[in-house]
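Novice: Sequence first, then the predicted structure:
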Amino acid sequence: MRRTYAAITALVRLYMRIFWRLKIYNKERLSNLQNCIIAANHISAFDPPFIGSLVPFEIHYLAKWELFKNKLFGAFLLSVNCIPIKRGRIDKSAITRVKLVLRKKRSILIFPEGTRKSTRVKSGIGKFAIEAKTDICPVYIENSTDFWSCFLGKKRLKIVIGEKIKSDEFAGLQANKENYQKLSENVMKKILELKNEC
């Protein structure tokens, strides 16, 4: 892990522990997040740095293209392995970069809903997982929108690491839009089931 990346993630972890009263469930599964798609629910802009900072190695992130308009902030996002994606259309450049990350046996964090403003599961995770034959690890995050409740001790930031969904489990699925969507919805179901573990 690069020193700058390690320093940034260490600061985020400290911030979560002090101000958000972080509690991690199934901590022993953190090492399972290697070489897979990390799939999490998305409720806050804090979700990517919060989840990414827990992983004991560098991961990649998909981030909306608009965040890169500010050149300084865009350069920072690129330095922490963010891949810009244009939403609402097929972004071939982003798709190619994600496939390259997965071919190199690295992990990437993707939200099945695509955005925190949507509750509709998109087919993207299913497409990447089926085509790259990559495992998926569901992660559930709770209370990342409730800073004051966490800070005042009424709630805690909770992150639950799930069991890996092995690529063998969906190896028989043909690469088509219907199966991409079906797998994505199954992944979202597994993420939401993790709520019962916290």
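Specialist: Structure's in. What do you need? Numbering: from 1, shown residues only.
Novice: Dihedrals phi and psi, the residue positioned nearest the centre of the chain?
Specialist: Most central residue of the chain, judged by C-alpha distance to the mean C-alpha position with Cα atoms, centre = their mean, is Leu109 at 2.8 Å. Note on Leu109: backbone dihedrals following degrees, to the nearest 10 are phi -90, psi 120.
Novice: My read is that it contacts Ile38, right?
Specialist: Yes: taking Cβ atoms under 8 Å as the contact criterion, Leu109 and Ile38 are neighbours in contact, 4.5 Å apart. C-betas here are computed from N, CA, C, even on glycine.
Novice: how about the residue lying closest to Ser123 once chain neighbours are set aside, what does it touch?
Specialist: Counting by Cβ to Cβ, 6 or more residues apart in numbering, Ser123 lies nearest to Tyr180, which is 3.9 Å off, once chain neighbours are set aside. Contacts here follow Cβ atoms under 8 Å, 6 or more residues apart in numbering; on that basis Tyr180 touches Ser123, Gly124, Gly126, Lys127, Ile130.
Novice: and Lys158, bridged to which residues?
Specialist: Here Lys158 sits in beta bridges with Lys23, Glu142, going by DSSP bridges.
Novice: and Asn176, how many neighbours?
Specialist: The local packing count at Asn176 equals 13, with neighbours defined by other Cβ atoms under 10 Å.
Novice: so how far is Ser118 from it?
Specialist: Relative to Ser118, Asn176 is positioned 23 Å away (criterion: Cβ to Cβ, to the nearest Å).
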